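S.K.: only geometry, no sequence info:
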């Protein structure tokens, strides 16, 4: 079976399932995308690692990474290895002292671990053929997926904050472990740094 390398293209609210999110994986060197519906906690775990936020206390995935690091276990790669009845299956391919072993995992957990270890992410061609979608107009479709994963009902709520006030607020919400609000503040800071004004 041919392996295809993937990258995370976007993380957004699921269009089809409310209260859930979608992580969109893109085929490296190709136009196909693999959208996977995940829960809110798992989306937060992926977003925290992607944004390089440092929680006050380790999240479950951070704890697992620290455990593997402590025992000198390397996460070599993550493989989304199957799709049965609409459910994706994944494996963590680990190496310790030259020996390779495989651990079954939920796909969302596997992706969260891959981001933390900066490990490559793969799937097999038959999975991509079954569930992959080809984006006709890449730019527009990706923009739609790239909405911040967690959105407050009032997107202008930080307009009256200065950058220094936003940084202070970010520090405060990280201390209280409110990672949803932290992601939103981070998005606002990025928008200001890039000089993009909101419409």
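M.R.: Happy to help now that I have it. Note that the coordinates shown come from a computational prediction; the quantities given were computed from them, not determined experimentally. Numbers count the residues shown, from 1 in each chain.
S.K.: tell me the mean pLDDT for stretch 111-120?
M.R.: Mean pLDDT, computed over stretch 111-120, is 96.
S.K.: ok, and for it, which residues are buried?
M.R.: For stretch 111-120, the buried set under the neighbour-count rule, 16 or more other C-beta atoms under 10 Å, comprises 111-117, 119-120. All C-beta spots, glycine's among them, are computed from the backbone N, C-alpha and C.
S.K.: between those, which sits nearest residue 105?
M.R.: Within the set of the buried residues of stretch 111-120, residue 113 lies nearest residue 105; the separation is 7.4 Å, counting by C-beta to C-beta.
S.K.: contact partners for that closest one?
M.R.: Shown here is residue 113, whose contacts under the criterion C-beta atoms under 8 Å, 6 or more residues apart in numbering are 61, 64-65, 75, 78, 92, 105, 119.
S.K.: pick the one among those residues closest to residue 180.
M.R.: Distance to residue 180, by C-beta to C-beta, is smallest for residue 61 among those, at 16.4 Å.
S.K.: what is the burial count for that closest one?
M.R.: As a burial measure, residue 61 scores 20 neighbours (other C-beta atoms under 10 Å).
S.K.: picking up where we left off before, now the two most distant members of the buried residues of stretch 111-120.
M.R.: When the buried residues of stretch 111-120 are compared pair by pair using C-beta to C-beta, the farthest-apart members prove to be 112 and 120, with a separation of 14.9 Å.
S.K.: which of the contacts of residue 113 lies closest to residue 23?
M.R.: Checking these one by one against residue 23 (C-beta to C-beta), the nearest turns out to be residue 78, at 12.4 Å.
S.K.: immediately after the helix or strand where residue 113 lies, which helix or strand?
M.R.: The secondary structure element spanning residue 113 is helix 107-117 (assigned by DSSP states H and E). The element immediately downstream of helix 107-117 (helix or strand, assigned by DSSP H and E) is strand 121-124.
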